[in-house]
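Undergrad: Any chance you could fold what I've pasted below:
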Amino acid sequence: GNRTTAVRWARILQSLGHRVRVSVDYAGEQTDLMVALHAWRSAASIQAFREKYPQAPLVVALTGTDIYRFLNTDPEPTLGSMDLADVLVCLHDRVGQSIPERCADKLQVIYQSAIPLARPREPSRRFFDVCVIGHLREEKDPLRAALAVRDLPPFSRIRVIHLGKAHHQDWAVRAEEEMTLNPRYLWRGEVPGWAVRKALAKAQLLVLSSNMEGGANVVSEAVVAGVPVLASDIPGSVGLLGDDYPGYYPVGDTAALRELLRRSEEDTDFRTDLTERCAALRSLFRPQAERESWRTLLERLL
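TA: All right, here's what the predicted structure looks like:
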């Protein structure tokens, strides 16, 4: 996810006339500005850049694990990076509630964008397809939707289509076992971007079941594609979809997610409400809006 974000941001910055180098570590190269993605993981590079260029602009992008894990488990390097930054880029508007007050004035929200589908959506008529798009790792609670559809009544047409790589073999085994036990769950592994967009075009819903997110780009992709979202009620999703969005369930609550899925399938008015609320957010996630946010930020810094 971070690599995808870095590549997209590099393209945006290049389109604004800047020369961009994407690297895993900073090795002292001459540069006018650094955008460091991940305060904790990039701590050594941030420190090295600041020592070499004390006055040069430094932007640190806060990820979900920075905000909701490493600020608690490893605060010294995480806060050190945040203190050295001139600007802290975040991906949703609730981040200020979770970081030290002294850092709040540095925050700049830049919503991640998505490209609209090339053709109008054509949801499956045979199935009520629910997409889960995300790698199989602990932070994503990746099998929650699968567990939620295990005990649906026979007349339900719901099935879960899961796209994403297993970060460890244990997750691959669990997903394979779930498919054996659960005919409503299909795990298709890692797929290219065009396949993700094809799945969204056929889906009725997207489920984002994560335990933590810094602002998942898959929400942008679903909203721009016209696919309503059901999400765990974590700050990273509430900060994108809004406090009063009706499609939340408590983190890890299989029964609550099952009820939302059944209601979405059976209650047309509820599904329409979700769809309309997501459609109202679409302008936040336009590529032009993300590009303009970066243009304004860099003009201010440079």
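Undergrad: tell me the mean pLDDT for stretch 284-301?
TA: Regarding stretch 284-301, the rounded mean pLDDT is 96.
Undergrad: Quick one: distance of it to the chain centre.
TA: Taking Cα atoms, centre = their mean, to the nearest Å, the mean C-alpha location of stretch 284-301 is offset from the chain mean by 18 Å.
Undergrad: residues making contact with that stretch?
TA: The contact list for stretch 284-301 (Cβ atoms under 8 Å, 6 or more residues apart in numbering) reads 9, 12-13, 15-16, 18, 33, 57, 59, 86-87, 89, 108-115, 220, 223-224, 240, 283. (Glycine included, C-beta is placed from N, CA and C.)
Undergrad: Name the SS class of Gly214, please.
TA: At Gly214, secondary structure determined by DSSP: H, G, I helix; E, B strand; the rest coil is coil.
Undergrad: swap in Val207?
TA: strand.
Undergrad: hang on, isn't it packed against Ser237?
TA: No - taking contacts as Cβ atoms under 8 Å, Val207 lies outside contact range of Ser237: 10.9 Å.
Undergrad: Find residues that contact each of the two.
TA: Listed contacts common to Val207 and Ser237 are Val229, Ala231; contacts here mean Cβ under 8 Å, 6+ apart.
Undergrad: Which pLDDT value belongs to the most centrally placed residue in the chain?
TA: Centrality entry for the chain: nearest residue to the mean C-alpha point is Ala216, 1.0 Å, by Cα atoms, centre = their mean. pLDDT, Ala216: 93.
Undergrad: contacting residues for it?
TA: Ala216 sits next to Gly134, Leu208, Ser210, Gly236, Ser237, Leu240 when contact means Cβ under 8 Å, 6+ apart.
Undergrad: With neighbour numbers in mind, choose between Val207 and Ser237.
TA: Set Val207 next to Ser237 and count neighbours by other Cβ atoms under 10 Å: Val207 wins out with 30 against 26.
Undergrad: Nearest residue to the more buried one in space, please, no chain neighbours.
TA: Of all residues not flanking Val207 in the chain, Ala145 sits nearest, at 4.5 Å (Cβ to Cβ, 6 or more residues apart in numbering).
Undergrad: any idea how far that neighbour lies from Val60?
TA: Distance, Ala145 to Val60, by Cβ to Cβ, to the nearest Å: 33 Å.
Undergrad: Number of residues surrounding the nearest residue to Tyr68 once chain neighbours are set aside?
TA: Spatial nearest neighbour of Tyr68, excluding adjacent residues (Cβ to Cβ, 6+ apart): Met212 at 4.2 Å. By other Cβ under 10 Å, 19 other residues sit near Met212.
Undergrad: dump the residue contacts of Met212.
TA: Contacts of Met212 (Cβ under 8 Å, 6+ apart): Gly64, Thr65, Ile67, Tyr68, Arg69, Glu139, Ile234, Gly236.
Undergrad: Of the residues you listed - the most surrounded one?
TA: Ranked by neighbour count (other Cβ under 10 Å), these have Gly236 at the top, with 28 neighbours.
Undergrad: Surely Trp187 touches Met179?
TA: Yes - assessed by Cβ under 8 Å, Trp187 is found in contact with Met179 at 5.9 Å.
Undergrad: These two - which one has more neighbours?
TA: A direct count of neighbours by other Cβ under 10 Å for Trp187 and Met179 places Trp187 higher, at 22 against 15.
Undergrad: Tell me which helix or strand the nearest residue to Leu16 once chain neighbours are set aside sits in.
TA: Spatial nearest neighbour of Leu16, chain neighbours left out: Arg295 (5.5 Å); criterion: Cβ to Cβ, 6+ apart. Per DSSP states H and E, Arg295 falls inside helix 287-301.
Undergrad: List the buried residues of that helix.
TA: Applying a neighbour-count criterion of 16 or more other Cβ atoms under 10 Å, one finds Pro287, Glu290, Arg291, Ser293, Trp294, Leu297, Leu298 buried in helix 287-301.
Undergrad: rewinding a little: look up how far Ala289 lies from the residue nearest to Leu16.
TA: Arg295 sits 11 Å away from Ala289, going by Cβ to Cβ.
Undergrad: could you say which helix or strand contains Val132?
TA: Per DSSP H and E, Val132 falls inside strand 128-133.
Undergrad: Which neighbours in the sheet does that strand have, and how are they oriented?
TA: The strands beside strand 128-133 in its sheet (DSSP bridges) come out as strand 158-163 (parallel), strand 205-208 (parallel).
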